[in-house]
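Chemist: Provided below for reference: sequence and predicted model.
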Amino acid sequence: MKAIFKDFEIKGIKIKNRIVMPPMVNFGWSDENGFVNEKHVRHYEERAKANVGTIIVEATAVKKEGRGFVPQLGIWNDSQIEGMKKITNACHEFGSVMLLQLHHGGFYTPETVSERAVGPSIDTKISRSYSLTVEEIKKITNDFINGAVRAKKADFDGVELHGAHLYLLNLFASASINQRTDEYGGSVASRLKFAGDIIKGIKNKVGNDFIICYRMGANAPTLDDGIQIAKELEKLGVDILNVSHGGVNRLIPKVPENFEYNWIVYSGTQIKKHLKIPVIVVNEIKTPERASFLIENNLTDFVAIGRDLLTDPQWADKAYRNEEVNQCLGCKPRCKRYEGAELCPKNKNVNSH
Ligand SMILES: Cc1cc2nc3c(=O)[nH]c(=O)nc-3n(C[C@H](O)[C@H](O)[C@H](O)COP(=O)(O)O)c2cc1C
């Protein structure tokens, strides 16, 4: 059990344990302007207070026209810094390392947000799909960089670039989706030029003591592609890699029968074997025992606990005390919190809001 409570240092920043709260949107809490409110502050503070080592604040739009939904949190304007700062200040009080997930919805930007569903190239299955021009890509590159600068001003310790779940950066990285023939398509290095320019720009603007985490889709479309992408991201200077999936209907790697976790965790453990930088694995890890096994056996550096940290804000403290955690029910077809952050059937018992 104690393996998850070993500390870790990265860029001179001490992380007190290996437990990560992955980004999870609180649907319905923000507004048209993408502002943080008191509920967000209390939500993250509650988990920080109960000893989550690293908190990655939910997908936050770097561009108003790139929102994945309304009302999504935003970091496209200086006026959004103050609210974000309330989250970091509240959580730093309890020693959590704070990252902000920077997001552009790409094809998954709804019509209510933008006429165009933008990506690297047109997808004939998506009627609003639009292939970005080089000039437009450069503008969005700057939107990400400016988002990171604002995150730094809001006292975040770093950012996570959302390059998974078929959002914009994932679309560019994916060999099966990106059909460009210019410098943003083709080889792995070219497909990651967009991400690479963002990473370079962030490093130039915010200095070296700022963590750049990247959430990648492991199946892009195959795990072998994922491994190549991960190696390239390491070369580009990413500090931590958070391995998730590349969206629905992608190719799913076969998991050995004796591996007691799902294919997303398996993908993360396989990708780790090819890297020197630390890796976060995620998806249905659920209990402290399962989390600890992954760390003890050096299958990962960090474990992200998503829905189970929503149903049990005390997850980390309970793990420390060897107490049972209040597990997520795993609602099907998907988590009720996608319809509204208050709709978790376990919410009433464990959250004060
Ligand atoms: C309500 C909800 C919102 C989510 N929002 C995000 C998000 O903002 N960014 C992201 O990369 N993943 C998001 N995810 C995915 C989680 O970060 C995590 O990968 C997923 O829940 C699997 O981990 P778990 O099985 O421990 O919950 C979300 C998941 C849920 C349930």
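Modeler: Here it is on my side, so go on.
Chemist: Surely residue 215 forms part of a strand?
Modeler: Yes. Residue assignment for residue 215, taken from DSSP: H, G, I helix; E, B strand; the rest coil, places it within a strand.
Chemist: check contacts around the residue nearest to residue 337 when sequence neighbours are not counted.
Modeler: Leaving aside its sequence neighbours, residue 337 sits nearest to residue 344 (C-beta to C-beta, 6 or more residues apart in numbering; 5.3 Å). All C-beta atoms are positioned from the backbone trio N, CA, C, and that covers glycine. Residue 344 makes contacts with 310, 311, 328, 335, 336, 337, as judged by C-beta atoms under 8 Å, 6 or more residues apart in numbering.
Chemist: mind checking how far residue 344 is from residue 72?
Modeler: 19 Å (C-beta to C-beta, to the nearest Å).
Chemist: and if you look at residue 187?
Modeler: With distances taken as C-beta to C-beta, residue 187 is found 33 Å from residue 72.
Chemist: For those two, indicate the residue with more neighbours.
Modeler: residue 72 (23 against 11; other C-beta atoms under 10 Å).
Chemist: Retrieve the pLDDT associated with that one.
Modeler: Reading off the per-residue confidence, residue 72 sits at a pLDDT of 97.
Chemist: Please list the residues of the stretch 201-350 of the chain that sit near the ligand.
Modeler: Residues of the stretch 201-350 of the chain found near the ligand, taking C-beta under 6 Å from any ligand atom as the criterion, are 215, 244, 282-285, 305-308, 335, 337-338.
Chemist: Would you mark the buried spots in stretch 205-213?
Modeler: Within stretch 205-213, the residues that qualify as buried are 206, 210, 211, 212, 213, counting by 16 or more other C-beta atoms under 10 Å.
Chemist: Now do it: everything it contacts.
Modeler: Outside of stretch 205-213, the residues that reach it under the criterion C-beta under 8 Å, 6+ apart are 10-13, 56, 97, 99, 145, 148-149, 152, 157-161, 199, 202-203, 237-242, 280.
Chemist: how about 7 Å then?
Modeler: By C-beta atoms under 7 Å, 6 or more residues apart in numbering, the list of residues contacting stretch 205-213 from outside reads 10-13, 99, 145, 148-149, 152, 157-160, 199, 202, 237-240, 242.
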